[in-house]
Structure formats: C-alpha cells, structure tokens
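Q: pasting the sequence and the predicted model now:
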Amino acid sequence: MPGKLLSNDNCGYGRPESDVYLVDDELVADIRLHRALQPIGWQFVDSIGFDSLGRYTGKKRGGSYIFTNAVGDSFRYKP
C-alpha cells in the first residue's frame, strides 16, 4: 500500500479490524479509480446497537483522506 497512514490506534498492526486493513482492502482501489468515498468499517462481536463504532465516514482534505467514527476514533491516509 503506497502512501502514509496516521492513526490514533497505532494503525492496528494489520489485524483484520485495523486501519491498515481498511485502507489497503477497502480504500486504495477507490482512490486510484477516483470513486466517491463510501463509509468503511466492519461489524464486530456484540456490536448490536453500536454499529457506528465500526463505521468510519470519510472526507477529503487537500491531498489527505480522513476517516472518523461516532466516538472520534480516526485515521488519516495520504496516498
């Protein structure tokens, strides 16, 4: 995955529920193809009623993409 990823979660160390995984598997292709940003994320055990914790909505600011969930966990990716 080319680029720079900054996170308040140490980028998750590549776990399937990590920021690195989300960017590499769900975001890079859309950026390269200039598609509109879609919310990205995952479902986790016992997430009933807390779906927004695993859902990150994105915004593009300058050359960076910033994704944040409902409680402020976020990461920034710059290709």
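A: Arrived safely, thanks for sending.
Q: now for the helix or strand bottoming out on mean pLDDT in the chain, which elements pack on it?
A: Every helix and strand of the chain was ranked by mean pLDDT, DSSP states H and E. The lowest is helix 19-22, at a mean of 74. When contacts are defined as 3 or more Cβ pairs under 8 Å, 6 or more residues apart in numbering; DSSP states H and E, helix 19-22 packs onto strand 4-7. The way it works is simple: take the backbone N, C-alpha and C, and place the C-beta from them, glycine included.
Q: note down every partner strand of the strand it packs on and its orientation.
A: Strand pairing for strand 4-7, using DSSP bridges, gives strand 74-78 (antiparallel).
Q: circling back to that earlier point, alpha carbons of the least confident helix or strand of the chain, as CSV, please.
A: Extracted C-alpha coordinates of helix 19-22, given in CSV (Å, rounded to 0.1, in the frame of the first residue of the first chain):
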residue,chain,number,x,y,z
ASP,A,19,-6.9,0.9,9.9
VAL,A,20,-4.2,-0.7,7.7
TYR,A,21,-6.7,-3.4,6.6
LEU,A,22,-9.4,-0.9,5.9
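Q: in the helix or strand following that helix, which residues are buried?
A: Next in sequence after helix 19-22, counting helices and strands by DSSP states H and E, comes helix 28-32. By neighbour count on 16 or more other Cβ atoms under 10 Å, the buried set for helix 28-32 is Val28, Ile31.
Q: output the contacting helices and strands for the helix or strand just after helix 28-32.
A: Next along the chain after helix 28-32, taking DSSP H and E as the criterion, comes strand 40-41. Helices and strands touching strand 40-41, by 3+ Cβ pairs under 8 Å, 6+ apart, are strand 55-61.
Q: can you pull out the residues in contact with the strand it packs on?
A: 22, 27, 37-41, 65-70, 73-75 (Cβ atoms under 8 Å, 6 or more residues apart in numbering).
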